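Novice: Sequence below, structure please.
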Amino acid sequence: MDQFIARIETLEHQLMRAWMVRDRKAMRGLLSRDFIFHLAGGKGAILDRPSWLDAASGRFKLEAYRFGDVYARQLGRTAVFVAPIALEMKMGPLEWTGEFRLTDVWQKGRVRRSWNLVERVLARPESDEDMPAAIRDLQLWR
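Specialist: Numbers count the residues shown, from 1 in each chain. Model prediction:
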C-alpha cells in the first residue's frame, strides 16, 4: 500500500476510534478549525466544528464502524479520502445503522505540517427522514 494512503487511512481510524470512546481532545487535534460535517441526502444538514465535537463526545454515539475499499488522493496539501462505510450509531433514541458513503477532505498545515480534517460528507443510499432534523438539533449556533 502506498505510504500516503496508509497515513490518511491511519488518521481516519484514529478519528473514528476517538469518536467511539468520545475522546474530545483526540478529535479536536485531528479536526481543522473550520471543520464542517455535512449529512448529504434529501434533506441535508451540517454541523460546524464546535457542534460536531459536542455531539460526538456526547449524544451522537458511534458504536462500530467498518471501512470498505478505500480511495485516497493527494492534491498538494489537500487529500481526499472516499470509502463505503458500515456504521452503527445512536443519537438519543434514534438508531442509525447501515451502509453509508464517506468522503473526507484533509489538509496539511503549513507550520506544523500535520494533516487535519477540513470536511466530512456522510451520505446514505436511502433517505431517513428523521436524521436531518436530529442533526440540525445538534447545531450550537442556532
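Novice: use CA for all of it now, contacts and neighbours both
Specialist: Fine.
Novice: tell me the mean pLDDT for the helix or strand containing residue 13?
Specialist: Element membership of residue 13, judged by DSSP states H and E, is helix 3-20. Per-residue pLDDT over helix 3-20 has a mean of 96.
Novice: Most distant residue from the centre of this protein?
Specialist: residue 111 (23.9 Å; CA atoms, centre = their mean).
Novice: Please settle this for me: is that residue part of a strand?
Specialist: No: looking at residue 111 with DSSP: H, G, I helix; E, B strand; the rest coil, it is coil, so not inside a strand.
Novice: Pull out the buried residues from the following helix or strand past the helix holding residue 13.
Specialist: Heading C-terminal from helix 3-20, the first helix or strand you meet, by DSSP H and E, is helix 24-30. Burial within helix 24-30, assessed by neighbour count using 16 or more other CA atoms under 10 Å, is assigned to 24, 27, 28, 30.
Novice: Farthest pair within those residues?
Specialist: Greatest spacing in those, by CA to CA: 24 and 30 (10.0 Å).
Novice: close enough to count as contact, residue 122 and residue 99?
Specialist: No: counting by CA atoms under 8 Å, residue 122 does not reach residue 99; the two are 10.3 Å apart.
Novice: Packing partners of the lowest-mean-pLDDT helix or strand in the chain?
Specialist: Every helix and strand of the chain was ranked by mean pLDDT, DSSP states H and E. The lowest is helix 130-136, at a mean of 79. For helix 130-136, the elements it packs on are strand 45-48, judged by 3 or more CA pairs under 8 Å, 6 or more residues apart in numbering; DSSP states H and E.
Novice: Angles on the backbone of the spatially most central residue of the chain, please.
Specialist: Nearest residue to the geometric centre of the chain (CA atoms, centre = their mean): residue 120, 4.7 Å. Torsion angles at residue 120 (phi, psi; degrees, to the nearest 10) stand at phi -120, psi 130.
Novice: Fine by me, thanks again.
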